[in-house]
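Asks: Predicted model follows, preceded by the sequence.
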Amino acid sequence: MSNVQDKVVIITGASSGIGEATAKLLAEKGAKVVLGARREDRLNQLAEAIKASGGQAVYRVTDVVNPADSKALVQLAKDTFGGVDVIFLNAGLMPNSPLSALKTDDWNSMVDVNIKGVLNGIAAVLPTFTEQKSGHIITTSSVAGLKAYPGGAVYGATKWAVRDLMEVLRMESAQERTNIRTATIYPAAINTELLSTISDQRMSEGMTALYEQYGIAPERVANVVAFAIEQPADTNINEFTIGPTAQP
Ligand code: NDP
């Protein structure tokens with residue numbers, strides 16, 4: 001039995017891109033997937049496709065900014081599949097713009113979804129993982145969480161925050177001997193719907209050109225999530241950077 005087979009895996013941001021690709025791959029490998037995002041039609045379509053291929057999937061419309069939604073997603077996993085083994089906190093937005101454009105609504109959305117959304121997911125699942133003395137929390141940060149670039153101030157700040165809180169979570173879990181594994185993934189250009197969140201026209205054009213030149217498929221990131229889960233319980237893939245071979 002692979003380490004993915006029969007695991008109950010919650011995925012946020014499952015309605016497109018990296019989350020959708022990961023849900024499909026893990027379900028193929030025998031995981032029971034629990035899908036969360038805001039677009040119900042997309043979640044329903046994905047869950048049906050997984051079930052049609054012989055996999056197991058349920059979904060719940062989830063806004064990760066709302067702590068009650070994150071809790072309800074964890075509860076759905078328990079009610080449907082009897083527990084939860086892994087949570088992939090992947091939902092995110094990237095409405096990049098120069099700070100001087102003062103797109104403060106976009107700043108707030110990124111802080112809400114990219115940081116508070118991850119914290120809400122951790123808060124929803126941590127008591128269960130602590131009690132059962134096992135569990136795996138995986139997040140999607142970004143290379144923007146490792147390296148600054150013009151236009152990416154707030155996005156990068158949110159992804160740096162994810163990096164920091166995941167490293168502290170890793171240390172505290174080890175200290176508290178809860179056997180909770182943590183993994184942070186840092187993707188570069190991955191072809192998804194992420195660029196549609198950019199409202200600044202110049203930024204949008206620049207990023208679109210970059211992704212058209214270099215972007216690779218979200219399935220590549222899904223492989224990394226599966227790899228992290230597949231390791232033996234005593235082995236933690238702390239961090240993983242992944243991007244197009246051709247991207248400088
Ligand atoms: P997509 O735009 O395709 O996916 C983003 C997902 O997040 C969607 O499923 C969206 O679903 C969900 N989402 C957004 N806001 C919320 C919310 N408030 N509550 C619940 N779900 C939400 O892009 P990606 O697949 O690329 O993005 C996934 C993650 O990968 C993000 O965290 C992103 O920052 C990160 N990343 C992506 C890179 C790339 O190049 N694509 C590079 C580095 C990191 P819905 O709208 O239905 O709610």
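Replies: Good, I have the coordinates.
Asks: okay, now residue 35: neighbour count?
Replies: Neighbour count of residue 35, defined by other Cβ atoms under 10 Å: 29. Just so you know, the C-beta spots here come from the backbone N, C-alpha and C atoms, and that holds for glycine as well.
Asks: can I get the CA coordinates of whichever strand or helix holds it in PDB?
Replies: Using DSSP states H and E, residue 35 falls within strand 32-37. Only the C-alpha atoms of strand 32-37 are listed here, as PDB (Å, rounded to 0.1, in the frame of the first residue of the first chain):
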ATOM      1  CA  LYS A  32     -10.200  10.100  -0.400                       C
ATOM      2  CA  VAL A  33     -10.200  13.800  -1.300                       C
ATOM      3  CA  VAL A  34     -12.200  16.500   0.300                       C
ATOM      4  CA  LEU A  35     -12.400  19.600  -1.900                       C
ATOM      5  CA  GLY A  36     -12.900  23.200  -0.900                       C
ATOM      6  CA  ALA A  37     -13.200  26.500  -2.800                       C
END
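Asks: tell me the mean pLDDT for it?
Replies: Per-residue pLDDT over strand 32-37 has a mean of 99.
Asks: How about residues contacting it?
Replies: 6-16, 19, 23, 26-27, 43, 46-47, 50, 55-62, 64, 69-70, 73, 76-77, 80-81, 84, 91 (Cβ atoms under 8 Å, 6 or more residues apart in numbering).
Asks: now with 7 Å?
Replies: Strand 32-37 is contacted from outside by 6, 8-15, 19, 23, 26-27, 43, 46-47, 50, 56-60, 62, 73, 76-77, 81, 91, using Cβ atoms under 7 Å, 6 or more residues apart in numbering.
Asks: distance of residue 28 from residue 10?
Replies: Counting by Cβ to Cβ, to the nearest Å, the gap from residue 28 to residue 10 is 17 Å.
Asks: and the residue positioned nearest the centre of the chain, what does it touch?
Replies: Geometric centre of the chain, nearest residue: residue 90, 1.4 Å, by Cα atoms, centre = their mean. Listed by Cβ under 7 Å, 6+ apart, the contact set of residue 90 reads 11-13, 18-19, 140.
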